[in-house]
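Engineer: A predicted structure for the sequence below; I have some questions about it.
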Amino acid sequence: MSDDIKHECGLAYIRLLKPFRYYQQKYGSAFYGLNKLYLLMEKQHNRGQDGAGIATVKLHTPPGYPMLHRIRSNAPLPIPELFQTIFREIEEVSRYQPDIQDNPELLKGHVRFMGELLLGHLRYGTQGKNHIELCHPFVRIHAQPELNLAMAGNFNLINTDELFEFVGVQPDELYRRSDLAAMMEVVYYFLRQQVHTKQGESSLSLAHILCQAFSLFDGGYTAAGLIGTGDSFVIRDPYGIRPAYYYADDEIVVAASERAAIRTCFNLEEDMVRELMPGKALLVSSNGNVEEKQILPARQRRACSFERIYFSRGNDEKIYQERKKLGYTLSETVLKAIDYDLKNTIFSFIPNTAEVAFYGLIQGLEDYLNRIKVQRILSWGNQIDPEKLSELISRRVRIEKIAIKDVKLRTFIAADQGRTEMVQHVYDITYGTVRKGVDTLVVIDDSIVRGTTLRESIIKMLDRLQPRRIIIVSSAPQIRYPDCYGIDMSKLGDFVAFRAAVQLLKENQKTYILEEAYSLCKQLQRSNSLHAQNVVKQVYKPFTVEEISAQIARLITPPGTRAEVSVIYQSIENLHLSCPNNLGDWYFTGNYPTPLGNRVVNQAFMNFMEGKNERGY
C-alpha cells in the first residue's frame, strides 16, 4: 500500500491443556507455551507495531501468590523486548538454581510468565495515543481469583461514552480514549455482579457474563479474556467484522487473528483451523473443557473486505487466491484503458502488498493475449508463415520491477520544503526500463486512501522515466467513507475520493449540496437521530465513479508532470466476486453494518464542514 494506514490489531491466545512436564518430555522444553506465543505474535507482527503486551494466568496457585501477570512494551521492536525480558528472568532464576529447568513445576513457581493461559496482543493505535498504558492486555487484580481479569482485543467500539456512563465510571482523558477500557469496565461490572450474587458456587457462568456485556457493544471486535480461576474466552462480534480463528486438540487450544499464523506455528492443514463464527465465543473452562457457544445472535455477515485486500498476510491460501482474483478482474478494464496496446505498455506494482494482485492482473492479460494468438493462428488456415508464427508466439506481456521501496529511509528534515524533497525518495525506480515518450506505464496498488504518497513520491519518481502515460490501478474500490471498526480511516477530509467529489461540486457550481447535507446532519443531530441515514452519500451522488476517478487523477498529479496520469479503481461488484465471504464494504459504499456507523460518518462530515481536524467518534 502506498498510503500508510494504521489498522487491525493482532490477537494471540494459548491455553495449555497438559502439565508443563508433558511439553518438556515431548517437545524438549517446558517453555513450549511461551515459545509458541512468541511465534504466533511474530507471525502477526504486520498487524501491530505501536506496542505489544502479554498476560498469563497460572493454574492452582497457592493462596497469597499472584496468578495473573502482565507485561507491555511500546518500544520500536516491542515483541522481542517482551520476550527478552521474560527469558532474562528465566536465565536469572537458572543462574542461582542450575537444575531448576529439570523441574518444570518448580520453575513455574519462580517464573512469573510460566502460565497455562497466555494472551498476547499487537497494537496499532486507532482510538487513543500510543501510550504504554493503552497497550493491551488490560488487567484487574484482586485477592479473589474470580475477580482477576485480563483482556485484549482487535476492535473499535463506537459507543464508549455510553458504556462508561452505564457502569458509572468517569474516566480521565487517557482512559476515556481507550475502547478496551470501556469494554473491560463493562465485562468486569457483570463479572463482579455474578461473583457477589453467587457466593459459594463452584464455577462462573462465563457465557452469561459475556451475553450481558457484549450485547451492549456497538462495533466490530474480536476480544479475549483470562480470569484468575483459569477460565478464558475468545469472542467475535455478531457481524463477523473482525477475524478470529482457532485450533484445539488434547494438548493445546490456540486462537489468533489470522489462520495462516496458526497453521505456520503448529504445522496444520487448512481444514484443521476453524473460523470462530459471528456472535460465537470459544470458552475454555478451568478444567480444560473447550466449548464453542453462540453468545449473541449472528447478524448478516459483514466481514471486513480490507482484511483480504491488504491487512492480513498474503500467505493464507484463500487470501492469496482472492488477491489474485482482484487483479484478474481488473484486466479487461486495463486493456480498454490502454486500447489493447500491450506492445507499448509496461506493467508493474507498488511494493509490496500489491504484488499478489499484480500476478492476477498479469494472468488476465496473458489469457487475453493467448486468445488473440489462437484466433490469429486459426485465421491463417494452412497458410502459416514460420517467421510470423515465431513472432506471434514470442509476444509477451511486458513486466518490469519499476518501483522499489527504500524501507530504511527515514526523514529527519523538519522544514516543509526539505521534508517534501526527502519524502519523494521513499520510493526509487529502475532506470532503462521504459522507452521514453513511447511506453505507457501501468502500476497496480492494493488501495488508495489519501493519495499523498502517490502525489509526493511515486508519480514524481515514475515520471522521471518519461513514459507517455502513467495509469495507477487500485485493486480496491474508491475509499469514500470513514471506518469505525478498527481501521485508522476516520477523517473524511483525508480521503482523496472525498476531496475529489468536493472539488467536482465546486467546479460544477453545486456546493449547495454540501450545505444541504450539513444542514440535514445538524437537523438529525438535534433530533438525536444522527444514526438514521448516511447523509454523506449525497456528496457523491451527482457523479459517476469514472468522473471521480478522473478528478482523483488530477489531484494526485504533481505540478510539472510530463506524463498523462489516470486512475482505475476496482468495482464493488468485482470486489464481492473476488472476496465472496468478506462482504463488509462500508468504507467503499457507506453501508454500515451496525446502527451507529451512520452517526460516525455524519459526525465526520460535520467536523469537515466546521474545519475540525478530529475523528467522528
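Structural biologist: Structure's in. What do you need?
Engineer: low-scoring pLDDT stretches of the stretch 201-350 of the chain, where are they?
Structural biologist: The model of the stretch 201-350 of the chain has pLDDT under 70 over residues 201-202.
Engineer: one more time with 90
Structural biologist: Scanning the stretch 201-350 of the chain for pLDDT under 90 picks out 201-204, 310-315.
Engineer: cool, the stretch 51-200 of the chain as well?
Structural biologist: Checking the stretch 51-200 of the chain against pLDDT under 90 turns up 64, 76, 96-99, 101-102, 123-134, 155-156, 158, 170-178, 196-200.
Engineer: which stretch of helix or strand covers Gly220?
Structural biologist: Assessed by DSSP states H and E, Gly220 sits inside strand 219-227.
Engineer: for Phe31, see how far away Leu583 is.
Structural biologist: Going from Leu583 to Phe31 by Cβ to Cβ, to the nearest Å gives 42 Å. From N, CA and C alone the C-beta is placed, and that goes for glycine too.
Engineer: so between these two, which is more surrounded?
Structural biologist: Taking neighbours as other Cβ atoms under 10 Å, Leu583 and Phe31 compare with Phe31 leading, 23 against 17.
Engineer: my guess is that one meets Ser94, correct?
Structural biologist: No - at 11.5 Å, Phe31 does not count as touching Ser94 under the criterion of Cβ atoms under 8 Å.
Engineer: in stretch 345-354, what counts as buried?
Structural biologist: Across stretch 345-354, burial judged by 16 or more other Cβ atoms under 10 Å covers 345-351, 353-354.
Engineer: kindly report the same for stretch 35-48.
Structural biologist: 35-38, 40-48.
Engineer: isn't Gln466 up against Thr433?
Structural biologist: No - using Cβ under 8 Å, Gln466 makes no contact with Thr433, being 11.2 Å away.
Engineer: list the helices and strands the helix or strand that contains Lys324 packs on?
Structural biologist: Applying DSSP H and E as the criterion places Lys324 in helix 317-328. Helices and strands touching helix 317-328, by 3 or more Cβ pairs under 8 Å, 6 or more residues apart in numbering; DSSP states H and E, are helix 355-380, helix 572-578.
Engineer: among those helices, which comes closest to Leu180?
Structural biologist: helix 572-578 (30.7 Å; Cβ to Cβ).
Engineer: outline the domain layout of the chain.
Structural biologist: 10-301, 323-489+544-590 (automatic domain parsing).
Engineer: dump these to a markdown table, plus distance to Gly314.
Structural biologist: Shown next, in a markdown table, are the domains of the chain (distance: least, Cβ to Cβ, whole Å):
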| stretch | distance to Gly314 |
| --- | --- |
| domain 10-301 | 9 |
| domain 323-489+544-590 | 5 |
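Engineer: rewinding a little: now find how far off-centre the strand holding Gly220 is within its chain.
Structural biologist: From the chain centre to the centre of strand 219-227 is a distance of 16 Å (Cα atoms, centre = their mean, to the nearest Å).
Engineer: then stretch 345-357?
Structural biologist: That offset, for stretch 345-357, works out to 20 Å (Cα atoms, centre = their mean).
Engineer: could you list the residues in contact with it?
Structural biologist: 1-2, 310, 314, 320, 323-324, 326-327, 330, 338, 358, 361-362, 365, 397-405, 427, 433-434, 439-446, 458, 467, 475 (Cβ atoms under 8 Å, 6 or more residues apart in numbering).
Engineer: now a PyMOL select for only the buried ones of those residues.
Structural biologist: Restricted to buried positions by 16+ other Cβ under 10 Å, the PyMOL selection for the contacts of stretch 345-357 reads:
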select buried, resi 1+2+310+314+320+323+324+326+327+330+338+358+361+362+365+397+398+402+403+427+433+434+439+440+441+442+443+444+445+446+458+467+475
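Engineer: so what's Tyr320 closest to, chain neighbours aside?
Structural biologist: Leaving aside its chain neighbours, Tyr320 sits nearest to Gly314 (5.4 Å; criterion: Cβ to Cβ, 6 or more residues apart in numbering).
Engineer: ok, that neighbour - contacts?
Structural biologist: Contacts of Gly314 (Cβ under 8 Å, 6+ apart): 320, 323, 353, 355-356.
Engineer: can you list these in a markdown table and add distance to Gly451?
Structural biologist: Rendered in a markdown table, the data for the contacts of Gly314 read as follows (distance: Cβ to Cβ, whole Å):
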| residue | distance to Gly451 |
| --- | --- |
| Tyr320 | 27 |
| Arg323 | 21 |
| Thr353 | 17 |
| Glu355 | 21 |
| Val356 | 22 |
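Engineer: max pairwise distance over these: which two?
Structural biologist: Tyr320 and Thr353 (12.1 Å).
Engineer: mind listing the strands in the stretch 401-550 of the chain by residue range?
Structural biologist: Using DSSP state E, counting those that start in this stretch, the strands of the stretch 401-550 of the chain run over residues 403-405, 427-429, 440-445, 469-474.
Engineer: number of nearby residues for the residue nearest to Gly364 when sequence neighbours are not counted?
Structural biologist: Computed as Cβ to Cβ, 6+ apart, the closest residue to Gly364 that is not its neighbour in sequence is Ser331, at 2.6 Å. If you count neighbours by other Cβ under 10 Å, Ser331 ends up with 20.
Engineer: surely Ser331 meets Leu361?
Structural biologist: Yes - in terms of Cβ under 8 Å, Ser331 counts as a neighbour of Leu361; the distance is 5.6 Å.
Engineer: go through stretch 547-564 and flag the buried ones.
Structural biologist: 548-549, 551-553, 556-557, 563.
Engineer: can you list which of those are found in helices?
Structural biologist: Using DSSP state H, the members of the buried residues of stretch 547-564 that fall in helices are 548-549, 551-553, 556.
Engineer: pick the one among those closest to Thr511.
Structural biologist: Gln551 (14.8 Å).
Engineer: next up, the contacts around the residue nearest to Gln551 when sequence neighbours are not counted.
Structural biologist: Closest residue to Gln551 apart from its sequence neighbours, by Cβ to Cβ, 6+ apart: Ala500 at 3.8 Å. By Cβ under 8 Å, 6+ apart, the contact list for Ala500 reads 548, 551-552, 554-555.
Engineer: run through the residues that contact Arg469.
Structural biologist: So Arg469 contacts 440-441, 563-566 (Cβ under 8 Å, 6+ apart).
Engineer: I should have written Ile241 there, sorry.
Structural biologist: Taking Cβ under 8 Å, 6+ apart, we find Ile241 in contact with 219-221, 302-304, 485-486, 584, 593.
Engineer: re earlier: list the residues that contact both of Ser331 and Leu361?
Structural biologist: Common neighbours of Ser331 and Leu361 (Cβ under 8 Å, 6+ apart) do not exist.
Engineer: confidence score at Lys408?
Structural biologist: Lys408 is assigned 50 on the pLDDT scale.
Engineer: repeat that for Glu421.
Structural biologist: 57.
Engineer: ok, the buried residues of stretch 345-354 vs Val186, which is closest?
Structural biologist: For the buried residues of stretch 345-354, the nearest to Val186 is Thr353 (35.5 Å; Cβ to Cβ).
Engineer: any idea how far the closest one is from Leu326?
Structural biologist: Thr353 is 11 Å from Leu326, where distance means Cβ to Cβ.
Engineer: show me where the stretch 201-350 of the chain has strands.
Structural biologist: 219-227, 232-236, 245-248, 252-256, 274-275, 280-284, 290-294, 345-349.
Engineer: for those, which one sits closest to Gln375?
Structural biologist: So among the strands of the stretch 201-350 of the chain, strand 345-349 is nearest, using Cβ to Cβ, at 20.0 Å.
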